[in-house]
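Participant: after the sequence you'll find the predicted model.
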Protein chains: 2
Amino acid sequence: MLSKKTKYGLKALAYLASQKDKQPVQISEVAKAENISQKFLESILLSLRKSGFLGSKKGKGGGYYLIKDPKEVLMTDVMRILEGPIAMVPCVSLNFYEKCADCPDEATCSVNKLMLMVRDANLEVYRNNTLADLIA
Amino acid sequence: MLSKKTKYGLKALAYLASQKDKQPVQISEVAKAENISQKFLESILLSLRKSGFLGSKKGKGGGYYLIKDPKEVLMTDVMRILEGPIAMVPCVSLNFYEKCADCPDEATCSVNKLMLMVRDANLEVYRNNTLADLIA
DNA sequence: AATTACCCTATTAATTTAATAGAGTAAACA
DNA sequence: TGTTTACTCTATTAAATTAATAGGGTAATT
């Protein structure tokens, strides 16, 4: 299941990407437009800023804005920041690899191979989509 | 993230599928072989039986066994029973469709389209894999 | 009749997710 | 310079889900 955090984050990014100019948009405006708890959204936008997707401006006329061109923002990167690993088990994760505690051997694990295929299928989608595709 | 329930369920199914004969296998044997809490596994196998994947036999020499040929068991069906919806948001689910509470309009939802592609990519994998492929 | 092993309900512990509250700080503008 | 605006940060809590445990019940086989 997609977490609310990810869902809200994607919607907020799409909202910012759909702005004509690059002027900062207030959190409150995004929250209202996309039906998101403002406080929750604050923390999400903050993490997107810390990850390099967004810039922010304080004071009057401040808000958040996209740093890159939406076409340059790969969904793989966005999803990894918002949702975490793309893989469904840590033992097939590229960026968050961990050995499964309950698994004696990955090579003979029946789940491993299937989840590897699932991961690749998902990566294929995320790699071929950018933020610009969300608002098309 | 794949739930433990699904992971254990897949491992158990694979274990049963890898049996030479169709003789029932005791829960305790599966639990031991696959490092699974026996009680937890009981409930998982029970739901797999109720869904028509497994048969069971009581009394001495009893246990669980596969009903169908592993080649005939599609991963789409298994995953839906164990993990639930394949889609990451209810609004793009084929078998568990629900309108998203926070979404005014699916047609203009920026998340909807992406998740539709993700769902199709996952379905493609699950449709092209059977239980027999897990143990290959 | 006794044993084996599945079957079922209930409870609890742990984890994660989602939301809320409130104070603090930096920047802009008059 | 002072005030407003709006982002920043920490902490807390509520809700939901997942995972595990306990214990007794029941059906079938030998």
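Facilitator: Cool, got the structure. Treat the numbers as computed from the prediction; the structure is a model and nothing was measured.
Participant: which stretches in chain A count as helices?
Facilitator: Per DSSP state H, chain A carries helices over the ranges A:4-17, A:27-33, A:38-50, A:75-82, A:110-127, A:131-134.
Participant: which bits of chain A sit near chain B?
Facilitator: A:1-2, A:7, A:10-11, A:14, A:35-36, A:75, A:85, A:88-89, A:102-104, A:109-111, A:113-115, A:117-118, A:121-122, A:124-126, A:129, A:133-135 (C-beta under 8 Å from any C-beta of the partner chain). C-betas here are computed from N, CA, C, even on glycine.
Participant: residue A:57: neighbour count?
Facilitator: Counted with other C-beta atoms under 10 Å in any protein chain shown, residues neighbouring residue A:57 total 12.
Participant: relative to chain B, how far out is it?
Facilitator: 24 Å (C-beta to the nearest C-beta, to the nearest Å).
Participant: ok, residues contacting stretch A:85-92?
Facilitator: By C-beta atoms under 8 Å, 6 or more residues apart in numbering or on different chains, the surrounding residues in contact with stretch A:85-92 are A:76, A:79-80, A:93-100, A:103, A:106, A:109, A:111-112, A:115-116, A:118-119, A:122-123, A:126, B:1-2, B:7.
Participant: near DNA strand C at all, that stretch?
Facilitator: No. Using C-beta under 7 Å from any atom of the strand, stretch A:85-92 stays clear of DNA strand C, coming no nearer than 10.3 Å.
Participant: list only those of the residues of chain A next to chain B flagged as buried.
Facilitator: Neighbour-count burial (16 or more other C-beta atoms under 10 Å in any protein chain shown) applied to the residues of chain A next to chain B gives A:2, A:7, A:10-11, A:14, A:36, A:75, A:85, A:88-89, A:103, A:109-111, A:113-115, A:117-118, A:121-122, A:125-126, A:129, A:133-134.
Participant: residue A:12 contacts residue A:37, doesn't it?
Facilitator: No. Judged on C-beta atoms under 8 Å, residue A:12 makes no contact with residue A:37 at a distance of 11.9 Å.
Participant: more neighbours: these two, which one.
Facilitator: The neighbour comparison of residue A:12 against residue A:37 (other C-beta under 10 Å) goes to residue A:12, with 25 against 13.
Participant: tell me the pLDDT of the more buried one.
Facilitator: pLDDT, residue A:12: 97.
Participant: swap in residue A:54?
Facilitator: 96.
Participant: residue A:96 is in contact with residue A:84, correct?
Facilitator: Yes. Residue A:84 lies in contact with residue A:96 (C-beta under 8 Å); the separation is 6.8 Å.
Participant: between these two, which is the more surrounded one?
Facilitator: Per other C-beta under 10 Å, whichever of residue A:84 and residue A:96 has more neighbours is residue A:84, with 15 against 11.
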